[in-house]
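Q: Fold the following and give me the result.
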Amino acid sequence: MKLCHIFKPIAKLLNDENVNDINNTGNDRWCEYITYRRVKRLLMLELIMDTELQVGNFQVLNNNDNNYDNDLTIIITENKKRKIVHCPAGHSSNDTFSNNNKNFIDIFFGFCELCTTKHSIQEQIDKDIQEFQKNNGYYEDKLKWISYDNFRDIKHIGDGGYGSVYSTELKNGIKWRWNFNKQDWEYYYVGYKVALKEINDSRHDVSKFLKEVKNLMIANELTNITKCIGISKNLSSKNYIIVMELYDDSLRKFITKSFLNLRWSSKSFLNLRWRSKSFLNLRWSSKIKLLDDIVFGLSRLHAKKLVHCDLHSGNILISHDTDLYSSASIASITDLGLCILENDLILKSDNKSNNIYGSIPYIPPEVLRGNVFTQKGDIYSFGGIMYEMATRNQPFYDRAHDTHLIIDICNGIRPKIPDIMLDWIPQCYSDLMYKCWNDDPSERPTANELRDVFWILRDKFLNEIEDYILQQFKIADKNRKKAIKSREHESSLSSSISHPQSCYISRSIHTLHGLYNSLEDIKSGKSQGMGDIYSFGGIMYEMATRNQPFYDRAHDTHLIIDICNGIRPKIPDIMLDWIPQCYSDLMYKCWNDDPSERPTANELRDVFWILRDKFLNEIEDYILQQFKIADKNRKKAIKSREHESSLSSSISHPQSCYISRSIHTLHGLYNSLEDIKSGKSQDPNLLKTNESTSSSISTYDIDSKESKECIDWEKEIQNQTKKRSFYTLDCDSEESKECINLDKEDNIILKKIKKRQLDYLKN
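A: Below is the predicted model of the structure:
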């Protein structure tokens, strides 16, 4: 039977599925009855009166007669003439959307679908918002459009693979419901702090944005999953924004803050602070609680047939307001941008993939081989989080995240527990972690099995249930405390520096399937990024001469032609004996026109590692002697002031540019090269007069009095700094120390100037 449309919102609100026909009684036609659990008669009568509906007779049936225990069943008759429900904005319940569905107006919450969706400018966005709203039973769970001007005090937090994250405050809150008595809207979350995730390039392609929003709405009811509050749009970039709950830190930052801020004091040996709780001093009971929160959220996702596909410590959020030792949740899973329904993955299971998006150490071997991501792949990723919680290091922190690592992972190599921590970690814990890393996905535990394990462990700690398992954790805690107090492993604890080519930001990864034909070349080092090696040569030049390559030339097509003809930056004559011959030879080798003749990154790493070792251990040989002689020549020249004018005159060409920009290659300019050379055609690579050559604020009004004052001050300080640069090269002289102090004062002034510029822009 078709429901009376006036009471349809009430039925939907209470999620009532017990709607049946009732026989006609006398002259009244009974249209429906609605069962309300634990609702008082007065509340129902007040609701009917507030909505100003014209209703006929109503009758309260005896619960026992209708077999509804503890229910108040109300029968409502329908008049032949009835009012159409309107929202405060004038939308009618008879209005329809583009898909011919009736507009849904909730008379209790004062909610109207058209009011919430009309602000979005794209039909595709409108359609999806309507779908999300209809699929969520209660208004608080519905997707809301939040105007961008409602955000106050926006601050950048960080960047990810798909977008940037900001914190902000909801100035006016979020529209909740229409108050019929006050004849005005009610708002909630007023002044509430939230997180904004702006999806890159969503102004052109909304698919990534809609995918993540859909996943968040599916998971919005789940515990330990970051809640989606609404969506918005950046008025400047035109990109779409997801508005979510704001947390204090990611799990990665929580661990990093504790371990990298090593401070020694007279009162404690390792004074590592995070809200007075050091991660190094964090007991296993607290680590188990964090892991239990994470795996519970993962199990809820898997119950919804979802696969996260990008689980790592950067996508776990931590709340500082919750005590680590309380029973409340502290960790939540976020970033569902790559999340996908398992059924959709099954359809792709026969297709091998050439690329995968993520962070190599957390990607399971079967996916690195080109297979699809499954729920068992999330378990492998969780193993990486377990490793990080136990050792405070990310998996494979000491290795380059390249194809060599992918090959090793596929061959069964897993992160190793540092020797000094072997007795800090219970055997049962490490066994479970390595089980999550099993090469055979079917041998890995499920999320529910992990949930059971950590729930039992958590219960043992809370209730102090002494058994063999709990004893392992207590012994591990004692071993850790003993090691910290004895300073036995002090150097090891403070020296876990990540490899310079490790990367824990999710990115596009080539699978072994996609690299099948080039694997041998990669293994031998023939296919490494030789363009990067050429760029590294430029960094070597700048380190040796303090000048950027080609600082004295316009960065135009003429320079491109010269570089292609073999021209390279020249070492200034005054510095020829300041730079060891072996260094300059290596630099020019990086600049070789033939990429295959340039050294590989690993070869360069070996060279500089050996040099570093020679300096540290003062291993005297011919190579080290070259560097020592070069240092003596430099100091001698500085003291004699022989080259003072030359040193202070390295002013960059006005049309040089060291900011990344779009460059026209010679291939693209092939037909116009001769005209560019002769000056008949404008050079598209020449820096335009309105283009900035540095990262300074380009929108600053250069004609204003305020601007001119700041620019004059800035130039004066830069001139003074340039004059003093002659002395600062000799770090041991009195003049140098005085100049360094003056430079510090000038830097403070420069910061104030920049602040004045920013304040001017804001006003």
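
Q: which ones are touching Cys444?
A: Quick fix: residue 444 reads Arg, not Cys. Contacts were defined as C-beta atoms under 8 Å, 6 or more residues apart in numbering; by that measure Arg444 touches Lys376, Ile379, Tyr380, Lys435, Cys436, Trp437, Asn438. All C-beta atoms are positioned from the backbone trio N, CA, C, and that covers glycine.

Q: Phi and psi next, for it.
A: phi -80, psi 150 (degrees, to the nearest 10).

Q: I'd like to know which of the contacts of Arg444 is nearest to Tyr583.
A: Of all the contacts of Arg444, Trp437 has the smallest distance to Tyr583: 43.1 Å, by C-beta to C-beta.

Q: Just give the closest residue to that closest one, not the sequence neighbours.
A: Closest residue in space to Trp437, ignoring its immediate chain neighbours: Gly383 at 4.5 Å, by C-beta to C-beta, 6 or more residues apart in numbering.

Q: on that earlier part again, okay, and which of the contacts of Arg444 map to helices?
A: If you go by DSSP state H, those have Lys376, Ile379, Tyr380, Lys435, Cys436 in helices.

Q: Would you mind confirming that the first one makes contact with Ser442?
A: Yes - in this structure Lys376 lies within contact range of Ser442 using C-beta atoms under 8 Å: 7.3 Å.

Q: Those two: which is more packed in?
A: Each of Lys376 and Ser442 has its neighbours counted (other C-beta atoms under 10 Å); Lys376 has more, 21 against 6.

Q: and the closest residue to the more buried one other than its chain neighbours, how many neighbours?
A: In this structure, Lys376 finds its nearest non-sequential neighbour in Pro441, 3.7 Å apart by C-beta to C-beta, 6+ apart. Residues within reach of Pro441, counting by other C-beta under 10 Å, total 17.

Q: ok, now Gln427?
A: By the criterion of other C-beta under 10 Å, Gln427 has 11 neighbours.

Q: ditto for Asp477
A: Neighbours around Asp477, by other C-beta under 10 Å: 17.

Q: Give me the pLDDT for it.
A: Asp477 carries a pLDDT score of 85 in this model.

Q: try the one 5 residues further on
A: The per-residue pLDDT reported for Lys482 equals 82.

Q: how close does it get to Asp556?
A: Distance from Lys482 to Asp556, counting by C-beta to C-beta, to the nearest Å: 66 Å.

Q: So for the two, which sits in the more crowded spot?
A: Asp556 (18 against 12).

Q: thought that one was touching Asp683?
A: Yes - look at Asp556 against Asp683 with C-beta under 8 Å: they come within range, at 4.9 Å.

Q: Would you check how far apart Tyr541 and Asp606 are?
A: Counting by C-beta to C-beta, the gap from Tyr541 to Asp606 is 21 Å.

Q: quick one, which of the two is more surrounded?
A: More crowded of Tyr541 and Asp606, by other C-beta under 10 Å: Tyr541, with 25 against 12.

Q: Restrict the host helix or strand of the more buried one to CA atoms and write it as CSV.
A: According to DSSP states H and E, Tyr541 maps onto helix 530-545. Output of helix 530-545 as CSV, limited to C-alpha atoms (Å, rounded to 0.1, in the frame of the first residue of the first chain):
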residue,chain,number,x,y,z
MET,A,530,70.1,9.5,-14.6
GLY,A,531,68.2,12.8,-15.0
ASP,A,532,68.2,13.1,-11.2
ILE,A,533,72.0,12.5,-11.2
TYR,A,534,72.5,15.4,-13.5
SER,A,535,70.4,17.6,-11.1
PHE,A,536,72.6,16.3,-8.2
GLY,A,537,75.6,17.7,-10.1
GLY,A,538,74.0,21.1,-9.8
ILE,A,539,73.7,20.7,-6.0
MET,A,540,77.3,19.7,-5.8
TYR,A,541,78.3,22.9,-7.7
GLU,A,542,76.2,25.1,-5.4
MET,A,543,77.8,23.4,-2.3
ALA,A,544,81.3,24.1,-3.6
THR,A,545,80.8,27.6,-5.0
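
Q: Following the chain onward from it, which element is next?
A: Downstream of helix 530-545, the next assigned helix or strand under DSSP H and E is helix 557-564.

Q: Just the buried residues of that next one, please?
A: For helix 557-564, the neighbour count (16 or more other C-beta atoms under 10 Å) marks Thr557, Leu559, Ile560, Ile563 as buried.

Q: Mind putting those residues into CSV with pLDDT and distance to Tyr468?
A: Below are those laid out as CSV (pLDDT from 0 to 100; distance: C-beta to C-beta, whole Å):
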residue, pLDDT, distance to Tyr468
Thr557, 78, 75
Leu559, 82, 72
Ile560, 81, 71
Ile563, 85, 69
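
Q: Format these as a markdown table; extra columns: distance to Phe536.
A: Output for the buried residues of helix 557-564, formatted as a markdown table (distance: C-beta to C-beta, whole Å):
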| residue | distance to Phe536 |
| --- | --- |
| Thr557 | 24 |
| Leu559 | 19 |
| Ile560 | 20 |
| Ile563 | 16 |
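
Q: Give me the three-state assignment for Glu674.
A: helix (DSSP: H, G, I helix; E, B strand; the rest coil).

Q: And for it, the neighbour number?
A: With other C-beta under 10 Å as criterion, Glu674 counts 10.

Q: Please apply the same query to Gly531.
A: 10.

Q: From what I see, it and Pro595 are in contact.
A: Yes - look at Gly531 against Pro595 with C-beta under 8 Å: they come within range, at 7.3 Å.

Q: any low-confidence regions in the stretch 251-400 of the chain?
A: Within the stretch 251-400 of the chain, the stretches with pLDDT under 70 are 256-281, 320-329, 345-355.

Q: How is the spatially closest residue to Thr391 that is not a sequence neighbour assigned, secondary-structure-wise?
A: Nearest residue to Thr391 in three dimensions, chain neighbours excluded: Met421, at 5.6 Å (C-beta to C-beta, 6+ apart). For Met421, the assignment made with three-state DSSP gives helix.
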